[in-house]
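Asker: I would like the atomic coordinates for the input below:
(one chain, ligands or ions: 2)
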Amino acid sequence: MSFAPDITEQLARARADLRMGVPVMLHGESTALVMAAETLTSQRLADLLALGGEPVLAITARRAETLKARVYDGDLARIALPKDATPAWVQSIANPADDLRAPMKGPFACARGGATDVHRAALQLAKSARLLPAALVLDLPGGVDFAAQNHLTTLDLNAAASALETRSHLHPVVNARLPMEVSEAGRLHIFRPEDGGEEHYAIEIGSPDRAKPVLTRLHSACFTGDLLGSLKCDCGPQLRAALAQMGEEGHGVLLYLNQEGRGIGLTNKMRAYSLQDQGFDTVEANHRLGFEDDERDFRLGADILKSMGFSAVRLLTNNPRKVEMMKASGIDVAERVPLRVGENRHNTAYLATKAKKSGHLL
Ligand SMILES: Nc1nc2c(ncn2[C@@H]2O[C@H](COP(=O)(O)OP(=O)(O)OP(=O)(O)O)[C@@H](O)[C@H]2O)c(=O)[nH]1
Ligand SMILES: [Zn+2]
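Answerer: Ligands and ions are numbered 1, 2, ... in the order given. Have a look, this model is predicted:
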């Protein structure tokens, strides 16, 4: 019998640590101390520099491209931390907010050669903690003892890397009747992942026949559009139109996935909006922050549908990636049902960028 947390549970702890500014230790062939750039304090930076060695700031290749930092490691770059580095210096590399005011941030000395799996795992961990994808990494011989003395979370590198790649199983927790404006026969289902992450929801309208393709919407959370009526996107009108169509047809399933901001979280989405105020489009803004255009995992939606007994859908979407993902996850897409609503003068350019750069269908 063991009460010790497994790797999934340790990762959940590590995410909370990084969000609080507490370092974590990654233990592989060597051992490395990892801190998130976003939550770095001057005291912790001073403590890190006092340990000696050669700390680096790991950033994604996307962020490196904007900074004109040399990328020797494919999807990431390792910028050597100057001995007199300050938290402001670290922030200015991690966060593109002042890029236009301070365009000449380099030149940077970038590490080359040697293992990069710790840096890759550190960046994935920061992303999954919904922080900016930038992490300080210091190789620390004897790091396991150091971590024990300092009560730091220690993760096995290989186990952490593979757990970060694995999608967590979603458990149905509860469902209950929810009469709604569009249909009195509504039911809200809650699904909870095993990894301590966000819960996702399914809104079932009527009693759809499990043997037939069900009218389905795969909706990603958009606090600004769904709740505040933001005109910057088309999410609110899409949400309401999808529910209305399900109400009219008498049956349907709306999956509400808590992948705000195409999977980067609301805080980073607002950072992207701030860059859009500076003139960048929705895709450029994500890239400047160090993210891909779309960090969502739509397989979650397929998992929920299967768990509810569905195997075929009529999918309400303009996004071909959602159709492909459904098919690849074993859900038959009998029909793509277009969902063009909510265009206005504030989101015309946004919708055009999605059509041009992200392959959305008009
Ligand atoms: N990062 C980022 N996310 C955004 C921006 N505008 C909207 N979003 C998010 O984009 C997502 C929109 O998701 P969906 O409604 O599934 O839309 P979609 O991928 O365009 O596909 P369909 O609507 O099905 O055609 C939501 O999570 C929003 O929060 C933006 O400028 N930047
Ligand atoms: Zn939106």
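
Asker: stretch 234-245 near ligand 2 anywhere?
Answerer: Yes: using CB under 5 Å from the ion, we find that stretch 234-245 touches ligand 2 at residue 235. To be clear about C-beta, it is placed using only N, CA and C from the backbone, and glycine gets the same treatment.

Asker: now that stretch: how far from the chain's centre is it?
Answerer: How far stretch 234-245 lies from its chain's middle: 23 Å, per CA atoms, centre = their mean, to the nearest Å.

Asker: in it, which of the residues would be classed as buried?
Answerer: 234, 235, 236, 237, 238, 239, 241, 242, 243, 245 (16 or more other CB atoms under 10 Å).

Asker: which stretches in the stretch 201-350 of the chain count as helices?
Answerer: 235-249, 260-263, 265-277, 282-289, 299-307, 320-328, 348-357 (DSSP state H, counting those that start in this stretch).

Asker: may I ask which helix or strand encompasses residue 135?
Answerer: Residue 135 is part of strand 134-139, with elements assigned from DSSP states H and E.

Asker: what average pLDDT does the following helix or strand past that strand get?
Answerer: Where DSSP H and E defines the elements, the next helix or strand beyond strand 134-139 is helix 143-149. The average pLDDT within helix 143-149 is 95.

Asker: check which element follows helix 143-149 along the chain.
Answerer: Next element after helix 143-149 (DSSP H and E): strand 154-156.

Asker: what packs against that next one?
Answerer: Here strand 154-156 touches helix 7-20, strand 24-27, helix 143-149, going by 3 or more CB pairs under 8 Å, 6 or more residues apart in numbering; DSSP states H and E.

Asker: wait, which of these is closest to residue 192?
Answerer: Of all these, helix 7-20 sits nearest to residue 192, with 12.7 Å by CB to CB.

Asker: let's verify residue 190: helix, strand, or coil?
Answerer: strand (DSSP: H, G, I helix; E, B strand; the rest coil).

Asker: tell me the contacts of the nearest residue in space to it that is not next to it in sequence?
Answerer: Residue nearest to residue 190 in three dimensions, not counting chain neighbours: residue 173, with 4.6 Å by CB to CB, 6 or more residues apart in numbering. Contacts for residue 173 were tallied using CB atoms under 8 Å, 6 or more residues apart in numbering; they are 190, 191, 192, 199.

Asker: distance of residue 173 from ligand 2?
Answerer: Separation of residue 173 from ligand 2 (CB to the ion, to the nearest Å) stands at 26 Å.

Asker: sorry, back to before: out of the helices and strands packed on strand 154-156, which comes closest to ligand 1?
Answerer: Ranking the helices and strands packed on strand 154-156 by proximity to ligand 1 (CB to the nearest ligand atom) places helix 7-20 first, at 19.3 Å.

Asker: for the closest one, give me every contacting residue.
Answerer: Helix 7-20 is contacted by residues 5, 23-24, 34-36, 39, 125-126, 128-131, 135, 152-153, 155-156, 159-160, 163-164, 168, 194-197 when judged by CB under 8 Å, 6+ apart.

Asker: buried ones among those?
Answerer: Buried subset of the contacts of helix 7-20 (neighbour count, 16+ other CB under 10 Å): 23-24, 34-36, 39, 125-126, 128-131, 135, 152-153, 155, 159-160, 163-164, 168, 195, 197.

Asker: picking up where we left off before, now the helices and strands packed on strand 154-156 in CSV, with distance to ligand 2?
Answerer: As requested, the helices and strands packed on strand 154-156 are arranged in CSV below (distance: least, CB to the ion, whole Å):
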stretch, distance to ligand 2
helix 7-20, 24
strand 24-27, 33
helix 143-149, 41
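
Asker: just the ones you listed: most buried one?
Answerer: Highest mean neighbour count of these: strand 24-27, a mean of 24 (counted as mean count of other CB atoms under 10 Å).

Asker: for that strand, which helices and strands make contact with it?
Answerer: In terms of contacts (3+ CB pairs under 8 Å, 6+ apart), strand 24-27 is packed against helix 7-20, strand 31-36, helix 117-128, helix 143-149, strand 154-156, helix 157-165.

Asker: rounded mean pLDDT for it, please.
Answerer: 98.

Asker: tell me the strands beside it, with direction?
Answerer: Counting by DSSP bridges, the strands paired with strand 24-27 are strand 31-36 (antiparallel), strand 154-156 (parallel).

Asker: nearest to residue 285, of the helices and strands packed on strand 24-27?
Answerer: Nearest to residue 285 among the helices and strands packed on strand 24-27 is helix 117-128 (15.9 Å), distances taken as CB to CB.

Asker: mind listing residues that contact the closest one?
Answerer: Helix 117-128 is contacted from outside by 11, 14-15, 18, 24, 26, 28, 30, 32, 34, 36-38, 56, 58-60, 73, 75-76, 78, 132-135, 137, 157, 160-161, 164, 197, 264, 291, 295, using CB under 8 Å, 6+ apart.

Asker: pull out the buried positions in it.
Answerer: Using 16+ other CB under 10 Å as the test for burial, helix 117-128 gives 118, 119, 120, 121, 122, 123, 124, 125, 126, 127, 128.
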